[in-house]
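1. Predicted structure and sequence below. I'll ask about it afterward.
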Amino acid sequence: MIKTPPDQYQDIRDAVRALCAEYPDSYHRDIDVKRAYPQDFVEALTKAGWLAALIPTEYGGSGLGLAEASVIMEEINRSGGNSGACHGQMYNMGTLLRHGSPQQKQFYLPKIASGEWRLQSMGVTEPSTGTDTTKIKTMAVKKGDRYVVNGQKVWISRVQHSDWMILLARTAALAEVKKKSEGMSIFMVDLRQAEKSGMTVRPIANMVNHETNELFFENLEIPEENLIGQEGMGFKYILDGLNAERTLIAAECIGDGYWFLDRVTQYVNERVVFGRPIGQNQGVQFPIADAYIEVEAANLMRYKACELFDAGQPCGAQANMAKYLAAKASWEAANACIQFHGGFGFAHEYDVERKFRETRLYQVAPISTNLIYSYVAEHLLGLPRSF
Ligand SMILES: Cc1cc2nc3c(=O)[nH]c(=O)nc-3n(C[C@H](O)[C@H](O)[C@H](O)COP(=O)(O)OP(=O)(O)OC[C@H]3O[C@@H](n4cnc5c(N)ncnc54)[C@H](O)[C@@H]3O)c2cc1C
């Protein structure tokens with residue numbers, strides 16, 4: 001392992017590393033080949049309380065800050081695992097915590113904290129609107145004490161391994177609202193119930209072993225008490241959760257980055273070609289050194305975002321930039337790692353190609369690199385909005 005000096009989170013790191021060590025490369029490789037869900041791994045993380053890090057202690061969580069939570073995600077990825085299987089459980093509940101009623105919080109949060117219920121899914125993206133979220137077409141129409149939902153979502157992750165989903169739908173058509181960000185609401189959807197009465201799930205086979213789906217709603221009925229917060233405010237509520245999500249994803253990318261750097265430095269030290277370790281060549285050293293510098297720089301921005309978030313300060317700029325820098329750094333580390341493993345980088349048994357596929361996702365989801373550039377251009381540099 002490359003040397004990273006101990007920090008104030010060392011106890012958390014050691015504990016998460018110890019748990020992850022029970023799930024070696026062969027476990028994650030096998031799950032990937034079978035396109036299965038890492039059930040045992042996720043259960044072990046849940047039982048140990050790691051996924052309830054951000055839930056306040058009064059609801060049975062550990063009440064940790066975003067910095068500590070991010071270290072948990074980082075260590076999962078650094079161990080060779082993929083937090084993408086379970087990160088939703090850590091941050092989706094933030095919407096409920098911030099905007100749910102006292103009764104809703106009391107109803108859901110203790111069971112999410114204990115792991116009895118999984119709230120791993122968030123349904124926002126739609127096939128015909130993509131990143132242009134305010135144009136979503138899924139409608140929830142109030143009828144008596146229920147909302148009746150019709151529409152479609154795409155790329156909705158972990159639906160088959162979750163009990164609940166947070167759903168964003170329009171409760172007022174775009175043409176009826178003054179501002180396009182108005183008229184959307186969020187609901188808690190009981191997934192197993194919904195599958196029996198109006199929601200169809202169609203899995204999407206994809207590059208990563210990531211359980212993600214198309215969802216079709218045909219007169220799906222949701223009880224009115226499942227509305228979170230005020231009707232029409234859902235888009236704002238979703239935006240409120242993005243800083244934590246982006247910072248946690250940044251930490252996962254940093255974990256990936258260190259994983260690639262660990263593997264590639266070990267490999268290039270050992271692999272001898274032309275009578276010397278390939279790591280003795282500058283052409284090999286420099287891209288690895290470059291990736292290391294980028295991972296370290298991304299790490300600083302990730303801690304800056306955490307510090308502001310945990311102090312209750314605005315951190316949109318830092319969270320977005322941390323996600324951008326970390327996703328770029330992990331991708332550069334991935335490229336160096338696969339390149340300097342030569343042909344072996346493509347062999348399943350080295351795990352490099354698996355992690356390479358997994359880390360590539362973060363250039364696109366949950367927000368694409370271009371949209372972060374747009375955010376920086378508009379909000380930090382004062383340039384005209386481009387869309
Ligand atoms: C594996 C996976 C899991 C996912 N999980 C979830 C989930 O659980 N819940 C959920 O709601 N969504 C989920 N998503 C969706 C994800 O958030 C979107 O794919 C992502 O936001 C990009 O949206 P899009 O695919 O519609 O791309 P589009 O909006 O069609 O954009 C395509 C590309 O065009 C570029 N682009 C678009 N608009 C602009 C612009 N104005 N300026 C410059 N460039 C632009 C970007 O580079 C972008 O990558 C998931 C996606 C994947 C692949």
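-> Perfect, thanks for sending it.
2. Residue numbers of the stretch 251-387 of the chain in contact with the ligand?
-> Leu361, Val364, Ala365, Pro366, Ile367, Ser368, Asn370, Ser374, Phe387 (Cβ under 6 Å from any ligand atom). Bear in mind the C-beta positions are built from the backbone N, C-alpha and C, glycine included.
3. I figured the first one hits Thr212, correct?
-> No. Counting by Cβ atoms under 8 Å, Leu361 sits too far from Thr212 to count as a contact (10.0 Å).
4. where exactly do the helices run in this structure?
-> 10-21, 25-34, 39-47, 66-78, 87-91, 93-99, 102-114, 191-196, 234-270, 282-310, 316-340, 352-360, 369-375 (DSSP state H).
5. any residues touching the shortest one, and which ones?
-> Outside helix 87-91, the residues that touch it by Cβ atoms under 8 Å, 6 or more residues apart in numbering are 46, 51-54, 69, 72-73, 112, 118-122, 157-158, 162, 241, 244-245, 248-249, 252.
6. same check, this time on stretch 258-269
-> Against stretch 258-269 from outside (Cβ under 8 Å, 6+ apart): 1-2, 4, 74, 77-80, 277-279, 284-285, 288, 291-292, 295, 330, 333-334, 336-337, 340-341, 344, 350-352, 355, 359.
7. which one of the residues of the stretch 251-387 of the chain next to the ligand has the most neighbours?
-> The most crowded member of those is Ile367, carrying 21 neighbours; neighbours defined as other Cβ atoms under 10 Å.
8. Run a quick check on it versus Arg246, I expect a contact.
-> Yes. Proximity of Ile367 to Arg246 meets the contact threshold set by Cβ under 8 Å, at 7.0 Å.
9. Now the common contact residues for these two.
-> What both Ile367 and Arg246 touch, as defined by Cβ under 8 Å, 6+ apart, is the set Asn320, Lys323.
10. And Asn206, how far from the ligand?
-> Remark: distance between Asn206 and the ligand (Cβ to the nearest ligand atom, to the nearest Å) = 6 Å.
11. do Gly49 as well
-> Applying Cβ to the nearest ligand atom to Gly49 and the ligand gives a distance of 24 Å.
12. Quick check: the residue nearest to that residue when sequence neighbours are not counted vs Thr212, distance?
-> Using Cβ to Cβ, 6 or more residues apart in numbering and skipping the chain neighbours, the partner closest in space to Gly49 is Ser62 (5.6 Å). Here Ser62 is placed at a distance of 28 Å from Thr212 (Cβ to Cβ, to the nearest Å).
13. More neighbours: which of these two?
-> Applying other Cβ under 10 Å to Ser62 and Thr212 shows that Thr212 carries more neighbours, namely 20 against 17.
14. wait, what's in contact with the closest residue to that one other than its chain neighbours?
-> Setting aside the residues directly before and after it, Thr212 is nearest to Ser157 in space (Cβ to Cβ, 6+ apart), at 4.5 Å. For Ser157, the contacting residues are Gly84, Gly88, Gln120, Ser121, Met122, His210, Glu211, Thr212, Asn213, by Cβ under 8 Å, 6+ apart.
15. Looks like Phe309 contacts Cys315 (just checking).
-> Yes. Phe309 is within contact range of Cys315, at 4.8 Å (criterion: Cβ under 8 Å).
16. Mutual contacts of those two, please.
-> Common neighbours of Phe309 and Cys315 (Cβ under 8 Å, 6+ apart) are Asn243, Thr247.
17. For the ligand, what is the nearest residue in the stretch 51-200 of the chain?
-> Per Cβ to the nearest ligand atom, Gly130 is where the stretch 51-200 of the chain lies closest to the ligand, at 2.6 Å.
18. do you know how far that residue is from Met207?
-> 18 Å.
19. Of those two, which one has the most company?
-> Gly130 (12 against 9).
20. And Pro6, what's its pLDDT?
-> Pro6 carries a pLDDT value of 89.
21. Please state the backbone phi and psi of it?
-> With angles defined as degrees, to the nearest 10, Pro6 sits at phi -60, psi 150.
22. Poorly predicted segments of the stretch 1-150 of the chain, please.
-> Scanning the stretch 1-150 of the chain for pLDDT under 70 picks out nothing.
23. near the ligand, which residues of it?
-> Counting by Cβ under 6 Å from any ligand atom, the residues of the stretch 1-150 of the chain that sit close to the ligand are Met122, Gly123, Val124, Thr125, Gly130, Thr131.
24. list the contacts for the fourth one?
-> With contacts defined as Cβ under 8 Å, 6+ apart, Thr125 is in contact with Thr133, Lys153, Val154, Trp155, Ile156.
25. Okay, and the beta partners of the second one?
-> Okay, so that is Lys153. Assessed by DSSP bridges, Lys153 has beta-bridge partners Leu215.
26. any chance of the helices of the chain in JSON lines, plus distance to Val177?
-> Below are the helices of the chain laid out as JSON lines (distance: least, Cβ to Cβ, whole Å):
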{"stretch": "helix 10-21", "distance to Val177": "44"}
{"stretch": "helix 25-34", "distance to Val177": "44"}
{"stretch": "helix 39-47", "distance to Val177": "39"}
{"stretch": "helix 66-78", "distance to Val177": "32"}
{"stretch": "helix 87-91", "distance to Val177": "28"}
{"stretch": "helix 93-99", "distance to Val177": "19"}
{"stretch": "helix 102-114", "distance to Val177": "25"}
{"stretch": "helix 191-196", "distance to Val177": "26"}
{"stretch": "helix 234-270", "distance to Val177": "10"}
{"stretch": "helix 282-310", "distance to Val177": "30"}
{"stretch": "helix 316-340", "distance to Val177": "23"}
{"stretch": "helix 352-360", "distance to Val177": "37"}
{"stretch": "helix 369-375", "distance to Val177": "23"}
